[in-house]
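[1] what would the 3D arrangement of this be:
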Amino acid sequence: CDAVGIFLVDKKTQEVEQFEIEGYDPTLEADLNLKIGQGLIGWVAKTGESVIVPDVRKDERYINARLATLSEMVVPIKTDGRILGVFNLESDHLSAYSDEDLELLTAFASQAAVSIERARLHKETLEKRKLEEDLKIAREIQKTFLPKENPIVFGFDVSGINISSETVGGDYYDFIPIVEHQLGVAIADSSGKGIPASLIMAAFRASLKAEIRNNFTIRTILNKVNYLLHESLERENYVTAVYGVLDTKSKIFTFSNGGHNPPILYRPKGTIEYLTEGGIALGMFPNSTYEERSIPLSKGEIIFFYTDGITEAMNEKREEFGIKRLEEIIRTNYSLPARALQDKIIDKITQFTKGNRSDDLTMMVIKVL
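    Model prediction:
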């Protein structure tokens, strides 16, 4: 035997990856990872059948990873009918392997399968434990961002809620007192999941609150937050957000939407309007600019803010909950208090998904009394 390798199957990537190898050209080692079904190694990983090839030059399945190889023997590593990987032996001589060699290597592979499976299970346990610890940290970070209670606002019924998923998204909402009769309202969603998403949202929250203190216009606040995020985030990261100010005395809501799910403005006559004015997601380009819009509010009107975990929640058939279902719930339950309306939406989503969610549920309701 002039070269030997143990290759393990990665079901996620559909590749047979090198685990331990000896006798191969180091410059070619990167090419030794094969798709399942590719080459003699991939063929055995796919079929679970052993193979002896007396002359690899005559076998079209052979991939020339060693210039000197003339014969090869490959045996699957199996346990409970599952293929974990393969043993591969290569020789610089023709017809180097016999049926007795195959029987011996097969017996060795059976013993090795037990150890490999035990090691793999141990690794998966450690990875799961680390993931759970990371998600716990992400949840704790997220909790520090969110309001501990809903504000009491004269003339309005205001409520916000966040229900974390198992993966913990980058959702954020906040009610920010500015001056008398003015309440800042923010909802946002960062790219990614877990701790990275929480850290992105921490950067957004800090930037937003810093710019709010400078008393800029809303569109200027988003312009500046966008620039700060672009400077501090990796290029593939971004934040979608809506920021607005509710003037509780004049009952005017002024906002700007940075690429976020458009809030729903519901009027008691049953009409619905989406609040889209603003610009693209924050942090993508340094010089993005944002519009703002002011809306006078009347008794009974509702502004509903949400993240994509609401509309993109899926059922068993891979159907999304969608905006139309959300609209219908608001239309038929608009007379409920703000928190009760949120509870109704959560109940409907839970029934739709049967409790299986992969993203946070975050929403805010502002209802004019």
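[2] CA only for contacts and neighbour counts going forward, please
    OK.
[3] tell me the domain ranges of this structure?
    The chain breaks down by automatic domain parsing into domains covering 3-129, 148-368.
[4] endpoints of the last one, how far apart?
    So that's domain 148-368. Distance between the two ends of domain 148-368: 22 Å, counting by Cα to Cα, to the nearest Å.
[5] circling back: compare the domains of the chain and give me the one nearest Ile137.
    Closest to Ile137 of those is domain 148-368 (Cα to Cα; 7.0 Å).
[6] lowest average confidence, helix or strand, in the chain?
    Lowest on mean pLDDT, DSSP states H and E among the helices and strands of the chain sits helix 99-145, with a mean of 78.
[7] OK, contacts around the nearest residue to Asp55 once chain neighbours are set aside?
    Nearest residue to Asp55, sequence neighbours excluded (Cα to Cα, 6 or more residues apart in numbering): Ser71, at 4.9 Å. Ser71 is in contact with 52-56, 90-97, counting by Cα atoms under 8 Å, 6 or more residues apart in numbering.
[8] so Ile200 sits in a strand?
    No: counting by DSSP: H, G, I helix; E, B strand; the rest coil, Ile200 is not found in a strand; it is helix.
[9] that one and Phe156, how far apart?
    Counting by Cα to Cα, the gap from Ile200 to Phe156 is 31 Å.
[10] the two: which has the busier surroundings?
    Shown here are Ile200 and Phe156; by other Cα atoms under 10 Å, Ile200 has more neighbours (23 against 19).
[11] mind pulling up the pLDDT for the nearest residue to the more buried one once chain neighbours are set aside?
    Closest residue to Ile200 apart from its sequence neighbours, by Cα to Cα, 6+ apart: Ser190 at 6.4 Å. pLDDT recorded at Ser190 is 89.
[12] sorry, back to before: next helix or strand past the least confident helix or strand of the chain?
    As assigned by DSSP states H and E, the chain's next helix or strand after helix 99-145 is strand 156-163.
[13] starting at the chain centroid, how far to stretch 15-28?
    Relative to the centre of its chain, stretch 15-28 is centred 32 Å away, using Cα atoms, centre = their mean, to the nearest Å.
[14] so how far is Glu117 from Thr79?
    Taking Cα to Cα as the measure, Thr79 falls 8 Å from Glu117.
[15] over to Asn356?
    The value you get for Asn356 to Glu117, if Cα to Cα is used, is 30 Å.
[16] give me the angle between the least confident helix or strand of the chain and strand 156-163.
    Computed by axes from the mean of the first three to the mean of the last three Cα atoms, to 10 degrees, the angle separating helix 99-145 from strand 156-163 equals 160 degrees.
[17] which strands and helices lie in contact with helix 99-145?
    In terms of contacts (3 or more Cα pairs under 8 Å, 6 or more residues apart in numbering; DSSP states H and E), helix 99-145 is packed against strand 71-79, strand 82-91, strand 170-177, helix 194-213.
[18] mind running it again at 10 Å?
    Using 3 or more Cα pairs under 10 Å, 6 or more residues apart in numbering; DSSP states H and E, the elements in contact with helix 99-145 are strand 51-53, strand 71-79, strand 82-91, strand 170-177, helix 194-213.
[19] now mean pLDDT and distance to Gly259 too, for the ones you listed, in JSON lines please.
    Output for these, formatted as JSON lines (pLDDT from 0 to 100; distance: least, Cα to Cα, whole Å):
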{"stretch": "strand 51-53", "mean pLDDT": "92", "distance to Gly259": "57"}
{"stretch": "strand 71-79", "mean pLDDT": "90", "distance to Gly259": "50"}
{"stretch": "strand 82-91", "mean pLDDT": "89", "distance to Gly259": "45"}
{"stretch": "strand 170-177", "mean pLDDT": "91", "distance to Gly259": "14"}
{"stretch": "helix 194-213", "mean pLDDT": "86", "distance to Gly259": "14"}
